[in-house]
Each structure stands twice: as C-alpha cells, then as structure tokens.
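Q: Here is a sequence together with a model predicted from it:
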Amino acid sequence: MGQLEGKVAFITGAARGQGRAEAIRFAEEGADIIAVDVCGPVETNIAKPSTPDDLKETAHAVEALDRRIVTQQADVRDYAALNSALQRGVAELGHLDIVVANAGMWSYGLSEEITEEAWQTTIDVVLTGVWHTTKAAIPILKQQNTGGSIIMTSSTMAIKGMQNLSHYVAAKHGVAGLMRTLALELAEYNIRVNTVNPTSVNTDLIRNEVGALLNDVRLLSERVTKLQSHFNQADADIKNILISTTKITGRAEKIEKVELTPADAPRQIG
Ligand SMILES: NC(=O)c1ccc[n+]([C@@H]2O[C@H](COP(=O)([O-])OP(=O)(O)OC[C@H]3O[C@@H](n4cnc5c(N)ncnc54)[C@H](O)[C@@H]3O)[C@@H](O)[C@H]2O)c1
C-alpha cells in the first residue's frame, strides 16, 4: 500500500517540470490528482510557455499508474478560475488532502531596470498565486475536518538575495511569510503548512539565459558572504547589532536578547 493511498492532491503548475514530477510521484504512492496549469504564455516569463499537450502528458502519466486525475487550464492569478477548477476536482474525486502551490515563472534584470509589468507579474504569479491556491483550498480542508498538508514550492531565494532577481526573490520571501502565518492559523485544524526550497532543478524554468546568468552571479555572491562574515554572532545583543551594521550587508538578524539598562531606556520628553 502506497504512502498516499486514498489521498487527493491539488497541484498547480502541473503541466510539466516539478509539478508534473510531483503528480506522478504522488500517484505512485496512491494519490488521485487535481492538476492545474495556465498552459500558455505568461507575460514577461522568460521560460517557454507550457501547452495543453503538456498537461495531457501529465494526465496520461498519472492514469498509466491507475490513478484518477482531473485537469483544468487556469491561471493562478485568476482566483475565480482557480477556485472553480479546485471545486470541480473535489466534486469529481470526493475530497482534498494535499495542496501543492507550485506554479511559478520569472524574468531578470537589475532592480532599477525591471519594468513595472515584470515586477507586478512576478509578484502576482509567484506570491499572490500561492495565496490564491491556499485561499481556495483552506475552506474545503477546514470543512472536511480531516487535517491536511499544504506545500509551497518556494526557493533558496526565499532565504537569501540574488542579483538580477529582486522581484522573484521578494515574492519567494513573501511566500515564506505566508507559510509561517498559515502554519499558525491552521495548526488547530491539524493542517500542516511548509515550503520546499529547491536550489537549481533542471526544468524549462532555467533552461534559458537566466539559468546561465545564475552561475555567474553565484561567484559575485561569495563576495557578499565574505562581507557578512564580519558580523560576530557572539555580539548578538541589540546594541552590538546596530553597531555591526556598519560592517555587514544583506542580513535580517533575529534578535534573541533585548536588555535595556536604565540608561538606554527611552526618556520622557517634555
Ligand atoms: N527550476 C528551478 O531551478 C527552481 C528552483 C527553485 C524554485 N523553483 C520553483 O519551482 C516551481 C516549479 O517550477 P519548475 O522548475 O517546474 O518550472 P517550469 O517552468 O517547468 O514549471 C512551472 C509551471 O508553472 C506554470 N505556470 C506559470 N505561471 C502560471 C500561472 N500564472 N498560472 C498557472 N500556472 C502557471 C507553467 O505553465 C509551468 O507549467 C516554481 O514555483 C519555481 O519558482 C524552481
């Protein structure tokens, strides 16, 4: 018996790449699949568009494993379309257990050169699309009262910066915040919420000039890491952190200990 026998998984961006791989792997473990993808171009996305045939191929692969699959073309930016795809899938397959918010895209450019359209599209797909996916799924999971698992495909760029990708990096950092908040909001319903943070995965997303660019910028990143190492963890109290910011760059420090002496305490003015 598979580890996911009798479960139903809703996966966005399932026409190809990681989404398809997850659909097949979950089906191998016994799950039925609700697979959604835009199956067409997304403005400013540097990756070549997926197609309806790609989504059909995912469906054939799942069916070849004797599992059921409901496919639907929908854009994660369009909440109504996404919600209706999920409702249809649940009506056909009976229930919902696993949600994989995986659809993604990107483009590149220095922060000051990214166009308004590229910035907004990346935030809309990579961050808002994930929120839409959870917004549609949560009421169903809560109503079933059988727990559940929400997994967001984030990125190592949710935990560090990367030159030429500030819109994508900002969106993935946003996904981390959404995950942490939902984990708190949904714990009492036994619904777990996590991200996976891949480095490079050999999919169509990176088989283009951005993939090549990433190899170059990793060398540059090593210089920033050296600058960051000036910060000494032993100094981790609030005053020393503020002083250390003259030497560090690109860190969001977690401040564990805040001890104000009477001399530091804010004075009343007037
Ligand atoms: N490939 C990598 O190196 C890598 C690394 C870290 C994180 N990721 C993340 O992994 C996830 C999956 O990407 P992948 O590597 O499989 O790339 P991919 O381009 O092969 O697959 C992404 C899928 O998402 C779909 N999609 C894009 N915009 C959509 C939209 N608005 N609505 C619905 N579907 C949409 C695409 O059509 C495509 O089928 C993405 O969130 C990506 O950011 C990828």
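A: That came through fine. Numbering: from 1, shown residues only.
Q: going forward, measure contacts and count neighbours with C-alpha atoms only.
A: Fine.
Q: how many neighbours does residue 143 have?
A: For residue 143, the count of nearby residues is 10 (other C-alpha atoms under 10 Å).
Q: And it, which helix or strand is it part of?
A: helix 129-144 (DSSP states H and E).
Q: Quick check: which ranges of the stretch 101-250 of the chain have low pLDDT?
A: 215-250 (pLDDT under 70).
Q: what does it put close to the ligand?
A: Residues of the stretch 101-250 of the chain lying close to the ligand by C-alpha under 6 Å from any ligand atom are 102-105, 125, 153-155, 198-206.
Q: you'd agree residue 63 is up against residue 57?
A: No - if you go by C-alpha atoms under 8 Å, residue 63 and residue 57 don't touch, sitting 9.8 Å apart.
Q: Can you give me the buried ones in stretch 42-62?
A: Within stretch 42-62, the residues that qualify as buried are 42, 44-47, 49-51, 54-55, 58-62, counting by 16 or more other C-alpha atoms under 10 Å.
Q: And the contacts of the helix or strand following the helix holding residue 143?
A: Next in sequence after helix 129-144, counting helices and strands by DSSP H and E, comes strand 148-153. Identification of contacts with strand 148-153 by C-alpha atoms under 8 Å, 6 or more residues apart in numbering yields 96-103, 130, 134, 141, 175, 179, 190-198.
Q: Put the buried members of those residues into a PyMOL selection.
A: Of those, the buried ones go into a single PyMOL selection, burial set by 16+ other C-alpha under 10 Å:
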select buried, resi 96+97+98+99+100+101+102+103+130+134+141+175+179+191+192+193+194+195+197
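Q: From the contacts of strand 148-153, which land in helices?
A: For those, the ones inside helices are 130, 134, 141, 175, 179, with DSSP state H as the criterion.
Q: Quick one: buried ones out of the residues of the stretch 101-250 of the chain next to the ligand?
A: Buried residues within these, counting neighbours by 16+ other C-alpha under 10 Å: 102-105, 125, 153-155, 204-206.
Q: ok, back up a step: and the helix holding residue 143, what other elements does it pack with?
A: helix 79-93, strand 98-101, strand 148-153 (3 or more C-alpha pairs under 8 Å, 6 or more residues apart in numbering; DSSP states H and E).
Q: and the residue lying closest to residue 5 once chain neighbours are set aside, how many neighbours does it have?
A: Nearest non-adjacent residue to residue 5, counting by C-alpha to C-alpha, 6 or more residues apart in numbering: residue 30, 4.1 Å away. Counted with other C-alpha under 10 Å, the neighbours of residue 30 add up to 21.
Q: re the thing from before, now, the buried ones among the residues of the stretch 101-250 of the chain next to the ligand that are in strands?
A: residue 153 (DSSP state E).
Q: Using TSV, lay out the buried ones among the residues of the stretch 101-250 of the chain next to the ligand together with distance to residue 118.
A: Shown next, in TSV, are those (distance: C-alpha to C-alpha, whole Å):
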residue	distance to residue 118
102	19
103	16
104	13
105	10
125	11
153	20
154	19
155	19
204	19
205	16
206	17
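Q: Pick the most buried one from the helices and strands packed on helix 129-144.
A: strand 98-101 (a mean of 25; mean count of other C-alpha atoms under 10 Å).
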